[in-house]
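Asks: Pasted the sequence and its predicted model underneath.
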Amino acid sequence: MKKTLLWLVCFSIFIIGCAKKEKGFVRIKGSDTEVNLVQRLAEVFMEKNPKLSIAVTGGGSGVGISALINGETDIANSSRQMKEEEIKKAKEKGINPVETAFARDRLAIITHSSLPIGSLTMDELGKVYRGEITNWKELGGPNLNITLYGRTSASGTYVYFREKVLGADYSPNMRQMIGNSQIVEAVKRDKGSIGYVGIGYLVEEVKLLKIAKDKDSPYISPLEKGYPLERELYQYTNGEPSANILSFIQFELSKEGQKIVAEEGYIPK
């Protein structure tokens, strides 16, 4: 009897110990624009909740949405809204996408630091990326061919920029980059370059252009209110978030979470 009681006590201690060590796990995947921001939010949240582990990876909005549809992530980061065909495909697989907007971004237009052009209209920007304007001299700059840098088609930023600015397909000469950081690095090296990146990726080594809605509107920096390329940043879950997923999203939307959003260079809700 004593041996039995001793065994039960030891077993109970073992189970309690395992329970203390056991962690919840949340997978987050998708938008490259959001990955650094969400990673920072996750780090602070995990410091406060050591029993929860959060893994944040990028790949693009389309990658995150596909992962959600296939049951391979708990949260899909996306810098664009899900398409109707994506929602339909998700529901066919028993996935019910629920959208949460947790921050805002302004898509910054950057060039090489030496370029003597400081502003463009939305129309001019569209012509540049459609390939209708191919030399900076057409915009009052030097006789220098324009090198276009943008994202791949898996990116929500690629889709947003095409719909908001181009209204058509990109020039076939655009160099498609996997992430924002790659665009920044390319623009830093290329004197004829132009690129678009999330506001959280700005660095001093590139020139930041002011953009106007049209020729009769003021030119506005992405660091100012009224900038014409401002957008929501989304997260998608399968159904209404609950348990650990809900706790993390609530933290993102809290006063502390939104302070982190601002610290990382994005716009709080």
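Replies: Everything's here; your move.
Asks: in the stretch 1-150 of the chain, which spans are helices?
Replies: Taking DSSP state H, counting those that start in this stretch to define them, one finds helices in the stretch 1-150 of the chain at 2-21, 32-48, 61-69, 84-92, 122-130.
Asks: burial of the residue nearest to Thr100 when sequence neighbours are not counted, as a residue count?
Replies: With sequence-adjacent residues excluded and distances taken as C-beta to C-beta, 6 or more residues apart in numbering, Thr100 is closest to Gln235, at 4.9 Å. C-beta: built from backbone N, CA, C; applies to glycine. Residues near Gln235, counting by other C-beta atoms under 10 Å, number 27.
Asks: Go ahead and confirm Gln235 touches Ala76.
Replies: Yes: using C-beta atoms under 8 Å, Gln235 is in contact with Ala76, at 6.7 Å.
Asks: got any residues that touch both of these two?
Replies: Ile28 (C-beta atoms under 8 Å, 6 or more residues apart in numbering).
Asks: Give me the domain ranges for the protein.
Replies: Per automatic domain parsing, the domain ranges recorded for the chain read 2-104+233-263, 105-230.
Asks: Lys269: which of these is closest?
Replies: domain 2-104+233-263 (6.3 Å; C-beta to C-beta).
Asks: Quick one: distance of that closest one to the chain centre.
Replies: Relative to its chain's centre, domain 2-104+233-263 lies at 16 Å (C-alpha atoms, centre = their mean, to the nearest Å).
Asks: ditto for stretch 119-131
Replies: On C-alpha atoms, centre = their mean, the centre of stretch 119-131 falls 23 Å from that of its chain.
Asks: List the buried residues in that stretch.
Replies: For stretch 119-131, a neighbour-count test (16 or more other C-beta atoms under 10 Å) marks 120-122, 124-131 as buried.
Asks: Not counting that stretch itself, show me its contacts.
Replies: Under C-beta under 8 Å, 6+ apart, the answer for stretch 119-131 is 109, 133, 139, 146, 148, 150, 161, 165-174, 194, 209-215, 217, 219, 228.
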